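*Asks:* the amino acid sequence is not available; the structure is as follows:
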Ligand SMILES: Nc1ncnc2c1ncn2[C@@H]1O[C@H](COP(=O)(O)OP(=O)(O)OP(=O)(O)O)[C@@H](O)[C@H]1O
């Protein structure tokens, strides 16, 4: 619950005014009922005065004015808590450990956040705040006022509370199980929805949509059945509760009639105060049941919020102006019990351009993910300009490097955002770079030019265009270390050659690591490093490797045969 406490702390003023207003309103509500008793009794014995009526009127006006004022902090907190909880999820993704991130399913996570934010709002706003500012004060004030009229009635009401609590706890046991089923199935349903939207082409062409719909329908049916069951149990509780109140009210009238110890005003006031005393308990019970169920949903969301962070992002020595000297010493990395990188020793000097080649799955991307700090080594170390990599703060390091990843290099935004993000850069400068990466023709065809939306993962572009766009970012970066993971793999040979020539000019004084499958584009690299099963099995320039290294020779000719 620490996340909810943090939210409260950040909204201290609003929370305290909301709680204070609630308590005042609870007092006035109960006080007006007792005051009403006075009026009736005075009316009966003929001692009613204009002054008393005026006070009662003022009380009622004050009540309605304060109820209106109360809406301001109320709505602000209600919506604020819910939406802030959603924002917390985005904040979490910014710092989450990369390995954990890789295991998260988007569909399930989105549903978990949705349920979690609603549950968190339920726990804080609907339950905790209502309890403190409304239910507890209402019960206390109404009990005090009932006590001033008749002690017996107060004791009967207290006994009624015990009955209500016992029933509630019995119901809760059943409701927990139902709620858990709803949550799991909601996540499952969303998983199928998001998967269907994102992977439309795969599923359509493989005719999988019927199966997907069947699985989603099963989840939906489970949700509907469970939700109906839950509502019916809730409603049954209300019915029992209404019966209890009727019983107490009849008992008060009988008690007054038989004993003759209550005035008419007292009976009217007691009946009204019974509502004041029991309504909060009815509300409390519903809220308590909901709170317990919300806790289940919020716990699932908290598990995500509390999943491991990459602490290195903000901790460690800040680095400024990286020169680009890199070395790996006995570096090791495993995915579970699979060793991917085996005792890697490698030095790359400032300003050097090296190419990583090797068969698919040989560990090239893993090594660069270690170098950008997404993955953490299981042994050995990386030195960057003499700094031990594990001791530097990644956020400062990210100001100094540029990394174009293999997967989805373009995001859902405009053409401009995909190149310069939120920085203000003159259009003509951006257009000049689009020209360099061969996107000028495309740009001129776009109706909205730089402000064209590219869709999720840049779907409005071809694979090669997406890669050229991602590379255009490099012209707006001061990074000294550049890492390109198959950044030109989707381009045709001619475009690739021309883009590589432009890049060579731009990056001539920087440290560059290029992962490539198409070996022609790295022909001019002075140093090519060949990987197999996470180990270096040869390095040198292109002609030397081709002549002396059978693995490289095989890679090259296999590639030519394609
Ligand atoms: N998240 C993961 N969990 C488990 N294993 C993984 C994960 N990511 C990658 N691997 C495995 O690690 C191995 C190395 O992957 P890596 O992406 O580094 O290879 P690569 O040489 O870059 O391949 P390619 O040229 O096909 O991109 C692969 O066998 C892959 O299956």
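*Replies:* All right, it came through fine. All figures in this text were calculated on a predicted structure; none of them were measured in a lab.

*Asks:* wait, isn't residue 14 in contact with residue 75?
*Replies:* No - if you go by Cβ atoms under 8 Å, residue 14 and residue 75 don't touch, sitting 10.7 Å apart. C-betas here are computed from N, CA, C, even on glycine.

*Asks:* what about those two, which has more around it?
*Replies:* Per other Cβ atoms under 10 Å, whichever of residue 14 and residue 75 has more neighbours is residue 14, with 16 against 10.

*Asks:* so who does that one touch?
*Replies:* 73, 76-77, 80 (Cβ atoms under 8 Å, 6 or more residues apart in numbering).

*Asks:* got CSV for those residues, with pLDDT too?
*Replies:* Shown next, in CSV, are those (pLDDT from 0 to 100):
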residue, pLDDT
73, 96
76, 95
77, 96
80, 95
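
*Asks:* nearest to the ligand, of the residues you listed?
*Replies:* residue 80 (36.8 Å; Cβ to the nearest ligand atom).

*Asks:* which helices and strands does the strand or helix carrying the closest one pack with?
*Replies:* Element membership for residue 80, per DSSP states H and E: helix 50-95. With contacts defined as 3 or more Cβ pairs under 8 Å, 6 or more residues apart in numbering; DSSP states H and E, the packing partners of helix 50-95 are helix 2-10, helix 12-45, helix 106-121, helix 264-305.

*Asks:* and after it, which helix or strand comes next?
*Replies:* Counting by DSSP H and E, what follows helix 50-95 is helix 98-103.

*Asks:* so the helix holding residue 80 versus helix 12-45, what angle?
*Replies:* 160 degrees (axes from the mean of the first three to the mean of the last three Cα atoms, to 10 degrees).

*Asks:* what's the nearest residue to the most centrally placed residue in the chain if we skip its chain neighbours?
*Replies:* Centroid-nearest residue in the chain: residue 89, 2.3 Å away (criterion: Cα atoms, centre = their mean). Residue nearest to residue 89 in three dimensions, not counting chain neighbours: residue 113, with 4.5 Å by Cβ to Cβ, 6 or more residues apart in numbering.

*Asks:* just to check, the one you found is in contact with residue 300?
*Replies:* No - look at residue 113 against residue 300 with Cβ under 8 Å: they stay out of range, at 9.9 Å.

*Asks:* could I get the buried residue list for stretch 319-326?
*Replies:* Neighbour-count burial for stretch 319-326 flags 319, 322-326 (criterion: 16 or more other Cβ atoms under 10 Å).

*Asks:* tell me which of these is nearest to residue 94?
*Replies:* residue 319 (19.9 Å; Cβ to Cβ).

*Asks:* confirm the closest one sits in a strand?
*Replies:* No - assigned with DSSP: H, G, I helix; E, B strand; the rest coil, residue 319 falls outside any strand and is coil.

*Asks:* and it, what does it touch?
*Replies:* Contacts of residue 319 (Cβ under 8 Å, 6+ apart): 384-385, 387, 392-393, 396-397, 400.

*Asks:* ranking these by neighbours, who comes first?
*Replies:* The contacts of residue 319, ranked by neighbours (other Cβ under 10 Å): first place residue 397, 24 neighbours.

*Asks:* need the residues of the stretch 201-350 of the chain near the ligand, please.
*Replies:* Residues of the stretch 201-350 of the chain lying near the ligand by Cβ under 6 Å from any ligand atom: 335, 340.

*Asks:* and the residue of the stretch 201-350 of the chain that's closest to the ligand?
*Replies:* residue 335 (3.5 Å).

*Asks:* ok, now how distant is that residue from residue 375?
*Replies:* Residue 335 sits 9 Å away from residue 375, taking Cβ to Cβ, to the nearest Å as the criterion.

*Asks:* which of those two has more neighbours?
*Replies:* residue 375 (22 against 13).

*Asks:* buried residues in the helix or strand bottoming out on mean pLDDT in the chain, which are they?
*Replies:* Counting by mean pLDDT, DSSP states H and E, the weakest-scoring helix or strand in the chain turns out to be helix 200-205, with a mean of 78. Of all the residues in helix 200-205, those buried under the rule 16+ other Cβ under 10 Å are residue 203.

*Asks:* any idea how far it is from the chain center?
*Replies:* For helix 200-205, the separation from the chain centroid amounts to 28 Å (computed by Cα atoms, centre = their mean, to the nearest Å).

*Asks:* in a strand, residue 482, correct?
*Replies:* Yes - judged by three-state DSSP, residue 482 forms part of a strand.

*Asks:* ok, it - how many residues close by?
*Replies:* 22.

*Asks:* spatially nearest residue to residue 240 (excluding sequence neighbours)?
*Replies:* residue 167 (6.2 Å).

*Asks:* for the one you found, grab the count of nearby residues.
*Replies:* 16.

*Asks:* what's the spacing between it and residue 233?
*Replies:* Residue 167 is 11 Å from residue 233, by Cβ to Cβ.

*Asks:* and if you look at residue 46?
*Replies:* Applying Cβ to Cβ to residue 46 and residue 233 gives a distance of 52 Å.

*Asks:* between those two, which one's more packed in?
*Replies:* Set residue 46 next to residue 233 and count neighbours by other Cβ under 10 Å: residue 233 wins out with 15 against 6.

*Asks:* was I right to think the more buried one contacts residue 172?
*Replies:* No - applying Cβ under 8 Å as the test, residue 233 and residue 172 come out as separate, 9.7 Å apart.

*Asks:* where does this structure have low pLDDT?
*Replies:* 408, 559-562 (pLDDT under 70).

*Asks:* near the ligand, which residues of it are found?
*Replies:* 102, 335, 340, 358, 360-366, 406.

*Asks:* in TSV: these, plus secondary structure.
*Replies:* What follows is the residues of the chain next to the ligand, written out as TSV (three-state DSSP):
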residue	secondary structure
102	helix
335	strand
340	strand
358	strand
360	coil
361	coil
362	coil
363	coil
364	helix
365	helix
366	helix
406	coil
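
*Asks:* farthest-apart pair in those, please.
*Replies:* 102 and 358 (21.6 Å).

*Asks:* quick one: which of these two has more around it?
*Replies:* Applying other Cβ under 10 Å to residue 102 and residue 358 shows that residue 358 carries more neighbours, namely 24 against 11.

*Asks:* touching, the more buried one and residue 528? I think so.
*Replies:* No - contact status for residue 358 versus residue 528: not in contact, 10.2 Å apart, counting by Cβ under 8 Å.

*Asks:* residue 111 - nearest residue in space that isn't next to it in sequence?
*Replies:* residue 190 (3.7 Å).

*Asks:* report the contact partners of the one you found.
*Replies:* 107-108, 110-111.

*Asks:* for the helix or strand just after the least confident helix or strand of the chain, name the packing helices and strands.
*Replies:* Reading on from helix 200-205 to the C-terminus, the next helix or strand found by DSSP H and E is helix 209-259. Under the contact definition 3+ Cβ pairs under 8 Å, 6+ apart, helix 209-259 sits against helix 151-198, helix 264-305.
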